[in-house]
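**Q** turn this into a model:
(one chain, ligands or ions: 2)
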Amino acid sequence: MNDAVRIVEVGPRDGLQNEKQTVPTAVKLELIRRLAAAGVKTIEATAFVSPKWVPQMADQAEVMAGLPDLPAVNFPVLAPNLKGFEAALAAGAREVAVFAAASESFSQKNINCSIAESIQRFVPVFDAARAAGVRVRGYVSCVVACPYEGAIAPAQAAAVAAELQALGAYEVSLGDTIGAGTPATVNALLEATAARVPVAQLAGHYHDTYGMAVANVHASWLFGLRVFDSSVAGLGGCPYAKGATGNVATEDIVYLLHGLGATTGIDLDALVDTGAWISAQLGRPSGSRVARALLARRPG
Ligand code: HMG
Ligand code: MG
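**A** Ligands and ions are numbered 1, 2, ... in the order given. Sure, this is the predicted structure:
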């Protein structure tokens, strides 16, 4: 089996979208620069969403203009509709991500439309992206549970993932938005989804609210997934999922995956430094247990 794992670092977007304090654009760009220097090859840079809905992403064009010139690094951005896609394209994006949900209530709260309407909204995005040679990734939120509806049937999440793949998403990221999943529920999800979308086109996007995210990454690795989304220092949360904490910390899954013999191309020490740096900028302790352990062992 292929042991190369692709880490999609979502800290600058998923991590910072929920910040109460304003994070200066220069800090976001320095975070991105440091992540790239640590060897991260895919960094979700920002979101072309409405600034009224998510004010923290209002500087999306400035972030794009300030990205480091690194041809080997991919900087995808979120685009919820054609307006967002066009702005992303104008800003130089070469990859966008559309985001649907497996739960009707979450879809309404997050993007103000039903699941079916969201799929219709994405059709022109896929068409425009194809014409412009831009790759599209798909997200499905609430794949295990929804903050408003409770447990979500695996078949429901699988159906939305299959729709995104059929529209042309090269990869579908399965979002446990509120971090309620366990290896058992994640396995059930993966079995239902893999029956409709090839495993090689699936990514795991697990939030760590219940402390289960590392276990869920391991279960997904054993299932055959080789792409995982994570956030340095475990930054983040979703404005429309009250109480949900950040993504699994990138440091934690890099440690896990290297321990399993996987390659990520990431320098864990440099990543830990980056997590310590952004945590200091935000004035809070790192959410990564691996980072805290490794920093405590350093001399001085
Ligand atoms: P809406 O209000 O229904 O949109 O919002 P609308 O089309 O009726 O337009 C209303 C106004 O918004 C208009 O401006 C539009 O021009 C503007 P006005 O005339 O009032 O001045 N507008 C936009 N402005 C900037 N960029 C755009 C855009 N589109 C319309 N793209 C909309 C619908 C989708 C825009 C809104 O609900 C929205 O922006 N939602 C984004 C929510 C969000 O970013 N959530 C967090 C990301 S998802 C997530 O975190 C989950 C994930 O991590 C996976 C997981 O963990 O599960 C991905
Ligand atoms: Mg998320």
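**Q** give me phi/psi at the residue in the chain that ligand 1 sits nearest to?
**A** Ranked by CB to the nearest ligand atom, the top residue of the chain for proximity to ligand 1 is Gly175, at 2.5 Å. The C-beta positions use only the backbone N, C-alpha and C, and glycine is treated the same way. Main-chain torsions, Gly175, degrees, to the nearest 10: phi -100, psi 110.
**Q** Thr263 now?
**A** Per degrees, to the nearest 10, the backbone of Thr263 is at phi -110, psi 140.
**Q** thought Ile7 was touching it, still the case?
**A** No - the pair Thr263 / Ile7 is not scored as a contact, 10.7 Å apart, by CB atoms under 8 Å.
**Q** which one of those two is surrounded by more residues?
**A** The neighbour count for Thr263 versus Ile7, taken as other CB atoms under 10 Å, is higher for Ile7 (24 against 11).
**Q** all helices for the stretch 1-150 of the chain, in order.
**A** In the stretch 1-150 of the chain, the helices defined using DSSP state H, counting those that start in this stretch lie at 25-37, 60-65, 82-90, 104-111, 115-132.
**Q** flag every buried residue along the first one.
**A** Of the residues in helix 25-37, those with enough neighbours to count as buried (16 or more other CB atoms under 10 Å) are 25, 27-36.
**Q** any regions of the protein where pLDDT drops low?
**A** The model of the chain has pLDDT under 70 over residues 1-2, 237-239.
**Q** what residues does it put near ligand 1?
**A** Residues of the chain lying close to ligand 1 (CB under 6 Å from any ligand atom) are 14, 17, 47-50, 53-54, 78, 80-81, 83-84, 99, 110-112, 139, 141, 175, 177, 205, 207, 238.
**Q** among those, which lie within strands?
**A** Mapping the residues of the chain next to ligand 1 onto strands (DSSP state E) picks out 47, 78, 99, 139, 141, 175, 205.
**Q** neighbours of the fifth one, how many?
**A** Each residue near Ser141 was counted by other CB under 10 Å, and the total is 27.
**Q** show me what stretch 30-42 is in contact with.
**A** Outside stretch 30-42, the residues that touch it by CB atoms under 8 Å, 6 or more residues apart in numbering are 6-9, 11-12, 43, 45, 63, 67-68, 70, 72-76, 232, 250, 264-267, 270-271, 273-274, 277-278, 281.
**Q** who are the contact partners of the residue lying closest to Ala244 once chain neighbours are set aside?
**A** Nearest residue to Ala244, sequence neighbours excluded (CB to CB, 6 or more residues apart in numbering): Ile178, at 4.5 Å. Counting by CB under 8 Å, 6+ apart, Ile178 touches 142, 145-147, 207, 209, 241, 243-244.
**Q** endpoint to endpoint, stretch 205-223 covers what distance?
**A** The stretch stretch 205-223 measures 15 Å between its terminal residues, going by CA to CA, to the nearest Å.
**Q** report the buried residues of that stretch.
**A** Applying a neighbour-count criterion of 16+ other CB under 10 Å, one finds 205-210, 212-221, 223 buried in stretch 205-223.
**Q** how far does that stretch sit from the chain's center?
**A** 13 Å (CA atoms, centre = their mean, to the nearest Å).
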